[in-house]
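> How does the following fold in three dimensions:
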Amino acid sequence: MNIQQLRYLQEIVRRDLNISQAAEALYTSQPGISKQIKLLEEELGIEIFVRNGKRIAHITEPGKQVLEIAQRLLLEADNLKLVGQEFRAQDSGTLTIATTHTQARYALPQAVKRFIEHYPGVKLNLHQGNPTQIAEQALSGEADIAIATEGLDQYDELMTLPCYEWSHSVIVPPDHPLLDVGELSLSALADYPIITYDHAFSGRGKIDQAFRAAGAVPNIVLTAIDADVIKTYVELGLGVGIVAEMAFVPERDTHLRCLSASHLFKPNITRLALRRNEFLRGYTYHFIELFAPKLSRELVVNALRTKRAQPQ
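Numbering: from 1, shown residues only. Next up is the predicted model:
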């Protein structure tokens, strides 16, 4: 048994049991991977995969247990490399953040700017995607940190911590009638076409819940995955927008007006996720604290050691 065999096993499962794709991802040959998996099965005395001819049909029950152990071993092997890098070159390396457009565009810039000033030798990568894609990147190790409002706390393999709370706002053109109604209501909003987020993004679930609870039916005419698109179409007069409050910047959004909606929709919590039991470079802790000052290194270390993060 060797580490390479375990990497082959992990990659096959990651590629939906497609050996050809696993071989391509690992820059090796399909016959080579197949041979090593057979050798591993022979050594362990079990079948890891059920095969249908030359194709893998599914993973066996003992195979699932082998995979779980293999993933832990591979993570610890990667941790060993990171320990060496941490003490050999503390101010150089790579940090990859997987996040949504809203976080990357409005919440992260100041933390990113300060981090780059502190660590000019560290290459910082920002990967944007939907919450599921973000979580999968963190789970696979493709990203060091995942940041999103939805979905991250649904994965037992990830440790999540709350970063900050935020509310929604309503944006309208400067001459819109809603500016004269006094305190905004859901029934008043429902009288106009609404442009807001796609179901997977930026607290959309809280918006839908609020309208249902009030017995109001919103006329949602357009959805998008980021606030910049929403603002563009509100400026064109196609409807009123419901966006994350941090997405309205008065100095830039001079052709729009913002109405508070914190009394209409429940607050949202943006969370940060890390793989459990992973060794983090010192600069990773520093980035986390720059983004969410209450998440000290000690707090993050203790949370990573717990079996499952406590509800927040």
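> Now do the contacts for the residue nearest to Leu17 when sequence neighbours are not counted.
Leaving aside its sequence neighbours, Leu17 sits nearest to Ile56 (CB to CB, 6 or more residues apart in numbering; 4.3 Å). For the C-beta atoms, the positions are set from N, CA and C on the backbone; glycine is no exception. Residues in contact with Ile56 (CB atoms under 8 Å, 6 or more residues apart in numbering) are 12, 17-19, 49-50.
> And the strands in the stretch 151-300 of the chain?
158-166, 168-172, 193-197, 219-224, 240-244, 257-260, 268-275 (DSSP state E, counting those that start in this stretch).
> what comes up buried for the longest one?
Burial within strand 158-166, assessed by neighbour count using 16 or more other CB atoms under 10 Å, is assigned to 158-161, 163, 166.
> Ok, the third one next?
Of all the residues in strand 193-197, those buried under the rule 16+ other CB under 10 Å are 194-197.
> Ok, the last one next?
When burial is assessed from 16+ other CB under 10 Å, strand 268-275 yields the following buried residues: 268, 270-275.
> for the shortest one, same thing?
Residues of strand 257-260 classed as buried under the neighbour-count rule (16+ other CB under 10 Å) are 257-259.
> Let me see the mean pLDDT of it.
Mean per-residue pLDDT for strand 257-260: 95.
> Could you list the low-confidence segments of the stretch 101-250 of the chain?
Of all residues in the stretch 101-250 of the chain, none has pLDDT under 70.
> which one of the buried residues of strand 158-166 is nearest Tyr119?
Cys163 (20.1 Å; CB to CB).
> And the nearest residue to that closest one once chain neighbours are set aside, how far from His118?
Nearest residue to Cys163, sequence neighbours excluded (CB to CB, 6+ apart): Ala292, at 3.9 Å. Taking CB to CB, to the nearest Å as the measure, Ala292 falls 16 Å from His118.
> What is the end-to-end distance of stretch 194-211?
12 Å (CA to CA, to the nearest Å).
> and for it, what are the contacting residues?
100-102, 130-132, 149-151, 166, 168, 186, 190, 217-227, 230, 233-234, 238-244, 264-268.
> what does stretch 297-309 give?
Contacts of stretch 297-309 (CB under 8 Å, 6+ apart): 153, 156, 159-161, 274, 276-278, 280, 285, 288-289.
> In a markdown table: these, plus distance to Ser92.
Formatted as a markdown table, the contacts of stretch 297-309 follow (distance: CB to CB, whole Å):
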| residue | distance to Ser92 |
| --- | --- |
| Asp153 | 32 |
| Asp156 | 33 |
| Met159 | 26 |
| Thr160 | 28 |
| Leu161 | 26 |
| Leu274 | 21 |
| Arg276 | 26 |
| Asn277 | 24 |
| Glu278 | 19 |
| Leu280 | 15 |
| Tyr285 | 16 |
| Ile288 | 19 |
| Glu289 | 20 |
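> Going by distance to Thr60, which of those wins?
So of the contacts of stretch 297-309, ranked by how close each gets to Thr60 (CB to CB), first place is Asp156, at 21.7 Å.
> how many neighbours does that closest one have?
10 (other CB atoms under 10 Å).
> avg pLDDT for stretch 75-85?
Averaging pLDDT along stretch 75-85 yields 69.
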